[in-house]
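Colleague: Sequence first, predicted model second:
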Amino acid sequence: MKALLPLALIGSLALAGCANTSPYSGDVYRSGQAETAQSVTYGTITSVRQVQIQAGDQNEGILGGLGGAVLGGLLGNQVGGGSGRTIATAAGAIGGSVAGSKVEDAANRTKAWEIEIRRDSGDSVVVVQKADRNWQVGQKVRMVGSGANLSVAPY
């Protein structure tokens, strides 16, 4: 039973670090955008660059750090005895916290495209959205919405 505890903690840490990256797709609308009129403009892609989006999280690494600290403390507690065990437990908790935060940060990144578009009106705009389709320079696109609610779709 004791051997299953670290596996359960690793599993919960892995799930806790997974942010929902669906909103970064051009094919996903937030609830506030449904049944709302959106403006549409058209343009041509002039530049495409692969980037990463660091998903925002209300916990900002707390879940990964806390889960890593618990797991590291449990593993450190298996080493040595007496004051050596106490030191190993503390070191395991600190190391686990750092590692857990880094794992959560990596899990919360998603591949994206930085798409520069020259609108038919002559001005240019840059939109970053999830890399869930391939974009090419010269491709005609339509932009739906405005400001922070702008998404790019094929035309």
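Modeller: Everything's here; your move.
Colleague: any idea how far Ala88 is from Tyr42?
Modeller: 63 Å (C-beta to C-beta, to the nearest Å). Every C-beta, even on glycine, is put in place using the N, C-alpha and C of the backbone.
Colleague: Any idea how many residues pack against Ser47?
Modeller: 13 (other C-beta atoms under 10 Å).
Colleague: for Thr89, same thing?
Modeller: By other C-beta under 10 Å, neighbour count at Thr89 equals 19.
Colleague: Am I right that it falls within a strand?
Modeller: No: under DSSP: H, G, I helix; E, B strand; the rest coil, Thr89 sits outside any strand and is assigned helix.
Colleague: so what's it scoring on pLDDT?
Modeller: We have a pLDDT of 72 for Thr89.
Colleague: coming back round to it: which one's more surrounded, Tyr42 and Ala88?
Modeller: For the pair Tyr42 and Ala88, the greater number of neighbours falls to Ala88 (19 against 13), based on other C-beta under 10 Å.
Colleague: The more buried one reaches Gly82, doesn't it?
Modeller: No: contact criterion C-beta atoms under 8 Å: Ala88 and Gly82 do not qualify, at 10.4 Å.
Colleague: So which helix or strand of this protein has the lowest pLDDT on average?
Modeller: helix 4-16 (a mean of 49; mean pLDDT, DSSP states H and E).
Colleague: Using PDB, write out every CA atom in the following helix or strand past that helix.
Modeller: With elements assigned by DSSP states H and E, the helix or strand that comes after helix 4-16 is strand 40-54. C-alpha atoms of strand 40-54 as PDB (Å, rounded to 0.1, in the frame of the first residue of the first chain):
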ATOM      1  CA  VAL A  40     -15.000  40.100 -39.800                       C
ATOM      2  CA  THR A  41     -12.000  41.500 -41.800                       C
ATOM      3  CA  TYR A  42     -10.000  39.800 -44.500                       C
ATOM      4  CA  GLY A  43      -6.300  39.800 -45.200                       C
ATOM      5  CA  THR A  44      -3.200  37.900 -46.400                       C
ATOM      6  CA  ILE A  45      -0.600  36.200 -44.200                       C
ATOM      7  CA  THR A  46       2.800  38.000 -44.600                       C
ATOM      8  CA  SER A  47       4.800  36.100 -41.900                       C
ATOM      9  CA  VAL A  48       4.400  33.000 -39.800                       C
ATOM     10  CA  ARG A  49       6.600  32.100 -36.900                       C
ATOM     11  CA  GLN A  50       6.300  29.200 -34.400                       C
ATOM     12  CA  VAL A  51       6.200  30.400 -30.800                       C
ATOM     13  CA  GLN A  52       4.900  29.000 -27.500                       C
ATOM     14  CA  ILE A  53       2.100  30.100 -25.300                       C
ATOM     15  CA  GLN A  54       2.700  29.800 -21.500                       C
END
